[in-house]
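K.L.:
Provide a 3D model corresponding to the input given below.
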Amino acid sequence: MKYIKEAVDYLKNKGFDAPEIGIVLGTGLGKLVDELDILVSVSYNHIPSFPTATVEFHKGKLIYGTLGGKKVMVMQGRFHLYEGYSTYDVTFPIRVMKQLGITKLLVSNAAGAINKSYKKGEIMLIDDHINLQGGSPLAFKNVAEMGERFVDMSAPYDAEMNAKIEEIAVQQNIKLQKGVYASVLGPQLETRAEYRYLDIIGADAVGMSTVPEVIVANHLNLPVAAVSVLTDECDPDNLQPINIQEIIKIAGKAEPDMITLFRELIKGL
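P.N.:
Model (predicted):
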């Protein structure tokens, strides 16, 4: 709590004033900030106790401004376990945003499509998840000081926000899939056998983030919605060597639809 308070005090002094909605932007999905009326922008490495983004396509800035008539704060780039951070580190910003005042959390990521009927370039609304990262952001001794230790996860994603996102997709003629996101440690991509395993256990998409943030949001009683931009098709019988630049390119092409979903949702909240 001491470190959270230090970060919160720093950001308040910088002008982060009672944000209503927090947004986490995933790999290749940073252009939502172009939609903001930006009031303050702070690099992660200037914020006390904040981790620093080490992935080259994650910007590493916390941005405060207005969007759709709401005060929002945006993580332009997130942290991952594969960078060497702990589950507590990668979720530290969620706790800071909650203390600053957010009442809703929106999360995005880039993911691989396990479901063979889903195609790269499409967007998937996350309805449920499978945690395969080998840990929990709630597994520390004084977690009960911040909320209930044994957090219910029967419905981790907010049904009301998910329903609104589905409505917006229909109104805006955006093809929106819906499914289960599996979160793995990374940073290596999956083998053919691992893709088959993920399919068997019920995953529709796979990535290396999001689940720790969603667990902490539930711990904080913070309604959360999340979408995956599907950047590659993980068919083990027709698997091609991974091309990270191609993934970033596809994320960029699909990003306008994700921005529309988030922007219109925020307007209606």
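K.L.:
ok, how many other residues are close to residue 142?
P.N.:
Residue 142 is flanked by 8 other residues according to other CB atoms under 10 Å. Just so you know, the C-beta spots here come from the backbone N, C-alpha and C atoms, and that holds for glycine as well.
K.L.:
So what does it look like in phi/psi?
P.N.:
Dihedral pair for residue 142: phi -110, psi 30, per degrees, to the nearest 10.
K.L.:
So for it, what's the pLDDT?
P.N.:
Looking at residue 142, its pLDDT reads 88.
K.L.:
Then the one 4 residues further on?
P.N.:
The model reports residue 146 with a pLDDT of 85.
K.L.:
who's in contact with it?
P.N.:
The contact partners of residue 146, taken as CB atoms under 8 Å, 6 or more residues apart in numbering, are 1, 95, 219, 220.
K.L.:
May I have the phi/psi pair for the second one?
P.N.:
Translated: residue 95. phi -70, psi -40.
K.L.:
gap between it and residue 46?
P.N.:
18 Å (CB to CB, to the nearest Å).
K.L.:
what's the answer for the last one, then?
P.N.:
Look at residue 220 and residue 46: by CB to CB, they are 24 Å apart.
K.L.:
These two: who's more crowded?
P.N.:
residue 220 (20 against 12).
K.L.:
If you count neighbours, what's buried in the helix of greatest length in the chain?
P.N.:
Scanning the chain for the longest helix, with DSSP state H as the assignment, gives helix 244-268. Using 16 or more other CB atoms under 10 Å as the test for burial, helix 244-268 gives 247-248, 250-251, 254-255, 257-266.
K.L.:
out of those, who's nearest residue 39?
P.N.:
residue 266 (15.7 Å; CB to CB).
K.L.:
Excluding chain neighbours, what is closest to the closest one?
P.N.:
With CB to CB, 6 or more residues apart in numbering as the criterion, residue 266 has its nearest non-adjacent residue at 4.0 Å, and that residue is residue 68.
K.L.:
Just the mean pLDDT for the longest helix of the chain, thanks.
P.N.:
92.
K.L.:
Next: stretch 79-91.
P.N.:
Per-residue scores along stretch 79-91 average to 94.
K.L.:
and residue 25, backbone torsions?
P.N.:
Dihedral angles (degrees, to the nearest 10) for residue 25: phi -100, psi 130.
K.L.:
quick one: contacts for it?
P.N.:
32, 33, 74, 75, 76, 77, 78, 108.
K.L.:
run the last query once more with 7 Å
P.N.:
32, 74, 75, 76, 77, 108 (CB atoms under 7 Å, 6 or more residues apart in numbering).
K.L.:
Tell me, how many residues neighbour the fifth one?
P.N.:
By the measure other CB under 10 Å, the count of residues near residue 77 is 22.
K.L.:
same deal with the third one?
P.N.:
The criterion is other CB under 10 Å. On that basis, residue 75 has 25 neighbouring residues.
K.L.:
same for the lowest-mean-pLDDT helix or strand in the chain, what does it pack against?
P.N.:
When the helices and strands of the chain are scored by mean pLDDT, DSSP states H and E, helix 244-268 comes last with a mean of 92. Under the contact definition 3 or more CB pairs under 7 Å, 6 or more residues apart in numbering; DSSP states H and E, helix 244-268 sits against strand 104-113, strand 123-132, helix 159-171, strand 224-233.
K.L.:
and the angle for the longest helix of the chain with strand 104-113?
P.N.:
When axes from the mean of the first three to the mean of the last three CA atoms, to 10 degrees is applied, the directions of helix 244-268 and strand 104-113 differ by 150 degrees.
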